[in-house]
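Participant: Need a 3D model of the sequence below.
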Amino acid sequence: MEYHEAKLLATAAKEAQWPATEYPEIVFAGRSNAGKSTLINALVNRKNLAYSGKTPGKTRLLNFFLVDDRVIFTDAPGYGYAAGNTSSAAEFGKLIDPYFAKRRQLKGMVLVLDARREPNEDDIMMAEYGRAAKLSVIAACTKADKLSRNVLINNMKKSAAALGISYTSMVPCASLKKEGMDRLWDMLNKIIEDHTA
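Facilitator: So this is what the prediction gives:
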């Protein structure tokens, strides 16, 4: 697994704190317990670049990571922790809505899903967000090693249909074993190259 140069560029609670760069950006979004931070760490072959807490949903900020001086990975807060908490849901919206609406260098989204679970309303809404913002949407299905191949394929097909995205945009991943990272990088590189050519 290739080592990637990566560093935290900015942590933002509001638009004024977004970093001023021209690099293409790819946002990582997913439920609080889907393994988003672990996936980012696996992609850059680092143990603790992105914070992965014991309590899901602790990240309430946008974290911008510069990777290989060519792309920014934006770690969005996990959603789902706001269930039954309207103030948390409102905070999430205030943070994420302007980012999707105004960030012109935002080119792609990695929607992080737990391969064992069906997409819920939040996942479907996030995929719609990505499409509305004209982003290339990739679904990273984490914890894929916990399922048999047949069950995994079946779950991914159901998830693709629920999200309204192509099955070829689904990538089975096992972050701790670094499985699926090369294929995910191939897809990310295509997004990066399309916007830097």
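
Participant: who's in contact with Met109?
Facilitator: The neighbourhood of Met109, defined by CB atoms under 8 Å, 6 or more residues apart in numbering, consists of 26-29, 126, 129-130, 133, 135-138. In short, each C-beta sits where N, CA and C put it, glycine included.

Participant: now these as TSV including pLDDT and neighbour count?
Facilitator: Converted to TSV, the contacts of Met109 look like this (pLDDT from 0 to 100; neighbours: other CB atoms under 10 Å):
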residue	pLDDT	neighbour count
Ile26	97	23
Val27	96	26
Phe28	96	25
Ala29	94	25
Met126	92	26
Tyr129	88	19
Gly130	92	24
Ala133	90	17
Leu135	94	21
Ser136	94	18
Val137	95	21
Ile138	97	24
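
Participant: contact partners of the lowest-mean-pLDDT helix or strand in the chain?
Facilitator: Ranking every helix and strand in the chain by mean pLDDT, DSSP states H and E puts helix 86-102 at the bottom, with a mean of 79. The contact list for helix 86-102 (CB under 8 Å, 6+ apart) reads 13-15, 18, 27, 60-62, 74, 76-77, 79, 81-82, 106, 129, 132-133.

Participant: In strands, which of the residues you listed fall?
Facilitator: 27, 62, 74, 106 (DSSP state E).

Participant: Quick check: of the residues you listed, which lies closest to Ala160?
Facilitator: Ranking the ones in strands among the contacts of helix 86-102 by separation from Ala160, with CB to CB as the measure, puts Val27 on top at 19.6 Å.

Participant: ok so, going back, just the buried members of the contacts of helix 86-102?
Facilitator: Neighbour-count burial within the contacts of helix 86-102 applies to 18, 27, 61-62, 74, 76-77, 79, 81-82, 106, 129, 133; the criterion is 16 or more other CB atoms under 10 Å.
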